[in-house]
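In: Output the structure for:
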Amino acid sequence: MSNNNKRIRLLDILRGFAVLGTLGTNIWIFAYLGDVSYIFTFDHAIWWMSVNDFIRLLVLFFVNGKLLGLLTIMFGIGLELKYQQSLRKGNTWPGVYLWTSFVLLLEGFIHFTLVMEYDILMSYGITAIIVAFIIKLGDKWINRAMKMLGIFHGAAMLFILAIFMYLKFIGSNISLGNANEIITLYSDGTWFEQIHYRLTNFIANRLEVIFVIPMNIVLFLLGIRLMRAGAFSPDENGKRIRTKMLNIGIMIGVPLNLLIFIPGGIFDLPTRYLFAPFLSILYIALIAKMIERFEHFWLWQHLENVGKMSLSCYVLQNILSSILFYGWGFSLGGKMNSLSIVFIWLCICFFEMYFATFWLARFKFGPMEAARRYTSGFIK
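Out: Predicted coordinates:
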């Protein structure tokens, strides 16, 4: 196996790990029937009084925002690979990539409508279109965009943090509000009623997509810069960069993300939308080092297969969760403790790993990946 193949293999493993990890956050939203307060501490502050709450928060410490950040970085790397391929072939850029991004946006809209309102694909589609033009301007503009948008997003999150701290200081209660209507919808409503809710509340349900675009652009561009710097190469330069990433993640990422355990929800949003990517960087370096140490460990091949079918597996895991937890399915929502929810998450992960392995032993691409290639080929 060549060095290049090993590098690509690492990317697939990271992508697979990120996809399965995003379910580690979403599983709580499914399990609590659309009540997003269960991925925060606003309304669940006294976590040390309950083993159930402690387990949930401990899992969220490792996954909430971190794996989404990792997946966003991986999308940026994918864009860079497409860009370099375009340069080698002498094709116009962004050219067909704009259509690919539009298809991703459309896939996200379908996924949002039919499966879950917290879809990330629409946000990635919009981000990819913007970054496709930034990358064409060269490294200088990539650096400028990262600095400007990074400062803007960081300042916005710190401003929100300051507001939360002031509200706490004056004794105000920070809450996400009552979710009883949504809980009733997902426990008793039909699938068609849930579709109607998503479409009729489209703007409200898509506010996060707009809010995270600056952060997504920064993380896309970070993926591009890491790729160009050789961070995923097996040579000494790649190892040096990954060691630096590991140190940043441990010294900066871990302490900042531990703030999630401070009760009251003050640090909830900054942790998810500002501090989490530092742990994403740690995960990249840590997994790379583990692969170097245990190259033939059985898990890598399965994660690699999930990574090759990342789009299919992302949609599949959300469909499975809907069936398990919503009222029109097995109706498990609101009836399980944290250990049971974690168990279901792990079961879905193992199912997807073996499903991806089974599928790729018989077909070259995952179902959604094959449809994407067919569509792109048709447009060309």
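In: Buried residues of the helix ranked longest in the chain, list them for me.
Out: Taking residue count as the measure and DSSP state H as the definition, the longest helix of the chain comes out as helix 139-169. Under the neighbour-count criterion of 16 or more other Cβ atoms under 10 Å, helix 139-169 has 142, 145, 146, 149, 150, 153, 154, 157, 160, 161, 164 buried. C-beta: built from backbone N, CA, C; applies to glycine.
In: Same question for stretch 78-92.
Out: Across stretch 78-92, burial judged by 16+ other Cβ under 10 Å covers 78, 79, 80, 82, 83, 86.
In: Off-centre distance for that stretch?
Out: In terms of Cα atoms, centre = their mean, to the nearest Å, the centre of stretch 78-92 is found 24 Å from the chain centre.
In: quick one on the thing from earlier: nearest to residue 313, of the buried residues of stretch 78-92?
Out: Within the buried residues of stretch 78-92, proximity to residue 313 (Cβ to Cβ) peaks at residue 78, which comes in at 15.1 Å.
In: which helices and strands does the one helix or strand the closest one maps to pack with?
Out: Counting by DSSP states H and E, the element that carries residue 78 is helix 66-89. Helices and strands in packing contact with helix 66-89 are listed as helix 3-31, helix 96-114, helix 121-136, helix 213-229, helix 276-293; criterion 3 or more Cβ pairs under 8 Å, 6 or more residues apart in numbering; DSSP states H and E.
In: How about residues contacting the next helix or strand after the longest helix of the chain?
Out: As assigned by DSSP H and E, the chain's next helix or strand after helix 139-169 is helix 180-188. When contacts are defined by Cβ atoms under 8 Å, 6 or more residues apart in numbering, helix 180-188 is touched by residues 32-35, 193-194, 197, 325-327, 331, 333-334.
In: Then stretch 354-366?
Out: By Cβ under 8 Å, 6+ apart, the surrounding residues in contact with stretch 354-366 are 16, 301-302, 305-306, 308-309, 311-313, 316, 367, 370, 373.
In: Filter those down to the buried ones and express that as a PyMOL selection.
Out: If you want just the buried ones from the contacts of stretch 354-366 in PyMOL, going by 16+ other Cβ under 10 Å, the selection is:
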select buried, resi 16+302+305+306+308+309+311+312+313+316
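In: which stretches of the stretch 151-300 of the chain aren't confidently modelled?
Out: The model of the stretch 151-300 of the chain has no residue with pLDDT under 70.
In: Nearest spatial neighbour of the spatially most central residue of the chain, chain-adjacent residues omitted?
Out: Centre of the chain computed as the mean C-alpha position; nearest residue by Cα atoms, centre = their mean is residue 68, 2.0 Å away. In this structure, residue 68 finds its nearest non-sequential neighbour in residue 22, 5.5 Å apart by Cβ to Cβ, 6 or more residues apart in numbering.
In: Kindly report the same for residue 135.
Out: Counting by Cβ to Cβ, 6+ apart, residue 135 lies nearest to residue 83, which is 5.6 Å off, once chain neighbours are set aside.
In: List the residues that contact the one you found.
Out: For residue 83, the residues meeting the contact criterion (Cβ under 8 Å, 6+ apart) are 93, 97, 132, 135, 136.
In: Thought residue 92 was touching the last one, still the case?
Out: Right, residue 136. No: at 10.2 Å, residue 136 does not count as touching residue 92 under the criterion of Cβ atoms under 8 Å.
In: buried sites along stretch 103-123?
Out: In stretch 103-123, residues buried by neighbour count (16+ other Cβ under 10 Å) are 103-105, 107-109, 111-123.
In: quick revisit: return the distance of the residue nearest to the centre of the chain relative to residue 90.
Out: Distance check for residue 68 against residue 90: by Cβ to Cβ, to the nearest Å, it reads 35 Å.
In: got it, and residue 26?
Out: Following Cβ to Cβ, the distance that separates residue 26 from residue 90 is 41 Å.
In: now do residue 134
Out: Residue 134 is 21 Å from residue 90, where distance means Cβ to Cβ.
In: OK, contacts around the closest residue to residue 265 other than its chain neighbours?
Out: Excluding the flanking residues, the one nearest residue 265 by Cβ to Cβ, 6+ apart is residue 42, at 3.5 Å. With contacts taken as Cβ under 8 Å, 6+ apart, residue 42 has the following neighbours: 174, 175, 176, 264, 265, 268.
In: Give the buried subset of these as a ChimeraX selection command.
Out: The following ChimeraX line selects those of the contacts of residue 42 that are buried, judged by 16+ other Cβ under 10 Å:
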select :174,264,265,268
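In: Make JSON lines out of the contacts of residue 42 and add distance to residue 235.
Out: Output for these, formatted as JSON lines (distance: Cβ to Cβ, whole Å):
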{"residue": "174", "distance to residue 235": "48"}
{"residue": "175", "distance to residue 235": "51"}
{"residue": "176", "distance to residue 235": "47"}
{"residue": "264", "distance to residue 235": "47"}
{"residue": "265", "distance to residue 235": "44"}
{"residue": "268", "distance to residue 235": "40"}
